[in-house]
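Colleague: Okay, sequence plus prediction incoming.
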Amino acid sequence: MKLLVLPCDGIGPEITDASVKVLNSVNQKFDLGIELEYGQVGFDSLEKYGITLRDEVLEKAKGFDGVILGTQSHADYPSPEKGGRNVSAGFRVGLDLYANVRPARTRPFLESNLKAGKSMDLVIMREATEGFYPDRNMARGWAEVMPDPNMALSIRKITRHCSERIARQAFKLAMKRNKKVTAIHKSNSFHMTDGLFLEAVAEVAKDYPEVELNDYLVDAAAAHLVRTPESFDVIVTSNFYGDILSDLASELSGSLGLAGSVMASDELCCAQAQHGSAPDIAGQDKANPVSMMLSVAMLLEWLAEYHGRDNYKQAGQAISNAIDEVLKDPSKRTRDLGGSYGCNDFSKAVVEALN
């Protein structure tokens, strides 16, 4: 299989390199037959081509089995008309990577930010191609306007099609876990848009009678994540709510740097760390590569299911287990977790654990 590697910005090249070292280890150990090809996006692409994400890269990605995408410094890009295209959004919309899958779990050997005795093991299934994001709501143009200097308007789009397909992915996942789905919304305020989302989820639920379905208003969900995180299994929600709640869940479980993430269509999967590009520590060997490594592990497991390859599933699980094995030793953790290891040393330790 062929994977396209795009290191992107900030700490992206460092954590991508660390994850590729781990990937190369399992590639050999489990006879995966993976071939890697590198490309440019982000500031490197902007400098060379005048745009952060070229259409040619998106088109090229369609010919690969998967993508490994580093972190982007979108907030520092120039305006879109000057070449500052949102890389993640470009992939999600351009390749229809509608399912942003974001697990969050506590580890008994790591301190969490939950109350004593509380634990968490959930997955947030976030719709990623519409919602409160103005760069993906229009066929042409931008979904925000300013009629005058003192007024700004933003258009939100929710469709039955996108709501139903993310709901179906959530129910499929729940069937493999604890058979429980929680839909997150704000239908008491957004009667039509969130009302349509809930209606679509309820319709899909009819096909999965074994799965328990409940729902929370997004503000109540935030409170319950703090108070009773063990009550959640699979959360399904729209783009904006999922973005916020996944960061909250990951930080509650221990750190945003410990949470993997993939964005997938029905035919292609892209691994991307859940956190940002941290340009303030870029190039200093201080980055925590765990999120990117776990994202690569999730990509392998997605490929295992899509292609029916058991060795890919074993490889993905081996990466996750090796990371946990290293994290059990406080001295081998990265600085953000209280250890002394840099990104490079941590990746070496994970490779050693794999071998």
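Modeller: Received, thanks.
Colleague: Let me see the contact set for residue 261.
Modeller: With contacts defined as Cβ atoms under 8 Å, 6 or more residues apart in numbering, residue 261 is in contact with 100, 101, 102, 246, 271, 272, 273, 274, 291, 295, 298. C-beta: built from backbone N, CA, C; applies to glycine.
Colleague: roughly how far apart are it and residue 123?
Modeller: Distance, residue 261 to residue 123, using Cβ to Cβ, to the nearest Å: 11 Å.
Colleague: Are there residues contacting both of these two? Which ones?
Modeller: In terms of Cβ under 8 Å, 6+ apart, residue 261 and residue 123 are both contacted by the residues 101, 102.
Colleague: residue boundaries of the strands in the stretch 101-250 of the chain?
Modeller: Remark: strands assigned in the stretch 101-250 of the chain by DSSP state E, counting those that start in this stretch are 121-127, 144-148, 151-154, 180-185, 212-217, 234-237.
Colleague: could you dump the third one to CSV, C-alpha only?
Modeller: Okay, so that is strand 151-154. Extracted C-alpha coordinates of strand 151-154, given in CSV (Å, rounded to 0.1, in the frame of the first residue of the first chain):
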residue,chain,number,x,y,z
MET,A,151,-22.3,43.9,11.5
ALA,A,152,-21.0,40.4,10.6
LEU,A,153,-23.1,37.5,9.5
SER,A,154,-22.2,33.8,9.3
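Colleague: Please enumerate residues in contact with it?
Modeller: Applying Cβ under 8 Å, 6+ apart, the contact partners of strand 151-154 are 132, 134, 143, 144, 145, 146, 147.
Colleague: Could you find the lowest-pLDDT member of these?
Modeller: Among those, residue 134 has the lowest pLDDT, at 80.
Colleague: who's in contact with residue 142?
Modeller: 80, 134, 135.
Colleague: Go ahead and confirm the last one touches residue 87.
Modeller: No - Residue 135 lies out of contact with residue 87 (Cβ atoms under 8 Å); the separation is 11.2 Å.
Colleague: Comparing these two, which residue is more hemmed in?
Modeller: Counting neighbours by other Cβ atoms under 10 Å for residue 135 and for residue 87 shows that residue 87 has the greater number, 26 against 17.
Colleague: Verify the stated contact: the more buried one with residue 69.
Modeller: Yes - between residue 87 and residue 69 there is a contact under Cβ under 8 Å: 7.2 Å.
Colleague: so what sits against both of these two?
Modeller: Common neighbours of residue 87 and residue 69, counting by Cβ under 8 Å, 6+ apart, are 6, 8, 41.
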